[in-house]
Every structure is written in C-alpha cells, then in structure tokens.
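*Asks:* Please work out how this folds:
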Amino acid sequence: MADCIFCKIAAGEIPSTKVYEDENWYAFKDIEPCAPVHILVIPKKHVDNILAFDEEYNKNFADFFLVVKKIALEAGLKESGFRLVINTGEKAGQSVFHFHAHIIGGKEMGWPPFPEK
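*Replies:* So this is what the prediction gives:
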C-alpha cells in the first residue's frame, strides 16, 4: 500500500531501529515506548488488521508466534515475561491500519492492563 507508513518502514523508505527481519516479518523499536522494551512486529505484506484476514492471507502468518518468541527471547524477556498486544480497529486503539503486534516488557506490569475510566 503506497501511503502506509508501516509498509514504508518495512521497505526501508522510512528509518527505524530494526530488531528483526526475515522474508515475511519486520520488527522495530516503538518510537514512543511505554516500557523499557517496546517492539512492533509487522508483516511485510500489507493487511489492515485481523478482520481483513482471509484463508489465503492467514498462510503468511504460520510462523507469527515463533517470530514473536524469537524476538522476545533476543530482547531478554524470558524471565520477566512480556505482553503481546494487537489492537484491531480505531476504537480499540489501532492508529496505523497495517496489522502489527506490540511486544511490551522489561518492567512489572499490573492488572488490569488499562486504567478504568
């Protein structure tokens, strides 16, 4: 998608602090981290969010959790744990409409994860 910021980041057109890359995935540090470790994992192939998945596209996600695991271990999150957050839709907090997951860790996080309003 020509005007998608995450497509441009994955293509190297916009600079980022890369932490992982393979033929299907790109991961980089969030520019506004909410924890000591805050990494975004994006597919190189554009899809808006989970609701845009179909059976064919889902085949591209076969290794998603193994990629997340690898990134989390390389970030030193084995002992402390981490959160994996996927926002779907504007009202849920999705601000960039290219599927992405947040790996968040490096500090103790309370429950519930979001303050009540």
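*Asks:* then the lowest-mean-pLDDT helix or strand in the chain to CSV, C-alphas only?
*Replies:* Of all helical and strand segments in the chain, the minimum by mean pLDDT, DSSP states H and E falls on helix 55-58, at a mean of 86. C-alpha atoms of helix 55-58 as CSV (Å, rounded to 0.1, in the frame of the first residue of the first chain):
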residue,chain,number,x,y,z
GLU,A,55,-7.7,-18.1,4.5
GLU,A,56,-5.0,-17.3,1.9
TYR,A,57,-3.6,-14.4,3.8
ASN,A,58,-3.5,-16.5,7.0
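*Asks:* State the distance from Phe6 to Phe28.
*Replies:* As defined by CB to CB, to the nearest Å, Phe6 lies at a distance of 9 Å from Phe28. For the C-beta atoms, the positions are set from N, CA and C on the backbone; glycine is no exception.
*Asks:* Now the common contact residues for these two.
*Replies:* Shared contacts of Phe6 and Phe28, defined by CB atoms under 8 Å, 6 or more residues apart in numbering, comprise Leu40.
*Asks:* neighbours of the residue nearest to Glu108 when sequence neighbours are not counted, just the number please.
*Replies:* Spatial nearest neighbour of Glu108, chain neighbours left out: Ser80 (7.8 Å); criterion: CB to CB, 6 or more residues apart in numbering. When neighbours are defined as other CB atoms under 10 Å, Ser80 has 15 of them.
*Asks:* what's the following helix or strand after the least confident helix or strand of the chain?
*Replies:* Next in sequence after helix 55-58, counting helices and strands by DSSP states H and E, comes helix 64-74.
*Asks:* Could you list the buried residues of that next one?
*Replies:* Phe64, Val67, Val68, Ile71, Ala72 (16 or more other CB atoms under 10 Å).
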